[in-house]
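>>> Return atomic coordinates for the entry below.
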Amino acid sequence: MKSKSSVSPPTFGLRLKWFARERFGSLKALADAVEIDYTQMSKYATGETKPRFEALEKLLGVGLSLDWAVGGRGSMALGEPTTPGLGHYPVEYVEEAIVESVRQVIGKLTANTSTVGSIDDHHRDADSKDLARRKSQRAKLNSMLAAGPMLPDEAAESKLVGVAASRRRR
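Here you go, the predicted model:
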């Protein structure tokens, strides 16, 4: 059985950043070249929003291979030969994809900490209640010991008083 890789494949946004860096030097320069607001282009690059058809047409117009950008197939730019495997991803881009995957995992784990925290709080509260109960029992026992021996009923008390009186007479 094959095990699934924990590293996510590069997203459209990450590939868009790579293309911008390789062909235009920066995401800002790409945004200017295709006449898309830089803020909007940044949202595409971070995955905050998906580009509309018109934006994809503009990106296609500057040579971005949509087959590569969307699905990771083929080469980065139109008309370039396809390199099999990860050869068409420079090492720093692969590293960037791994870092992005780790960030996503950390984000998911961080989102789940509120549940873990509430479980910890529940255990802490239960431990606190148990400790308070034990302290209360200990205080009762100490006060009872300080008060002297406990007698179960009046008959036992009179019996003890009688024994004590007889011992004094001897």
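
>>> Hmm, E100 is touching T11, no?
Yes. Between E100 and T11 there is a contact at 7.3 Å, judged by Cβ atoms under 8 Å. C-beta: built from backbone N, CA, C; applies to glycine.

>>> Skipping its backbone neighbours, what lies nearest T49 in space?
K43 (4.4 Å; Cβ to Cβ, 6 or more residues apart in numbering).

>>> my guess is the one you found contacts K50, does it?
No. Using Cβ under 8 Å, K43 makes no contact with K50, being 9.1 Å away.

>>> what about these two, which has more around it?
Each of K43 and K50 has its neighbours counted (other Cβ atoms under 10 Å); K43 has more, 15 against 11.

>>> For the helix or strand harbouring the more buried one, buried residues please.
Taking DSSP states H and E as the definition, one finds K43 inside helix 38-46. By 16 or more other Cβ atoms under 10 Å, the buried positions in helix 38-46 come out as 41-42, 44-45.

>>> what helices or strands is it leaning on?
Judged by 3 or more Cβ pairs under 8 Å, 6 or more residues apart in numbering; DSSP states H and E, helix 38-46 is in contact with helix 12-24, helix 27-34.

>>> how about E48, what does it touch?
Applying Cβ atoms under 8 Å, 6 or more residues apart in numbering, we find E48 in contact with S42.

>>> Now do it, the pLDDT please.
The score at E48 is 91. That number is its pLDDT.

>>> Would you map the helices across the chain?
Taking DSSP state H, the helices of the chain run over residues 12-24, 27-34, 38-46, 53-61, 66-71, 91-147, 154-169.
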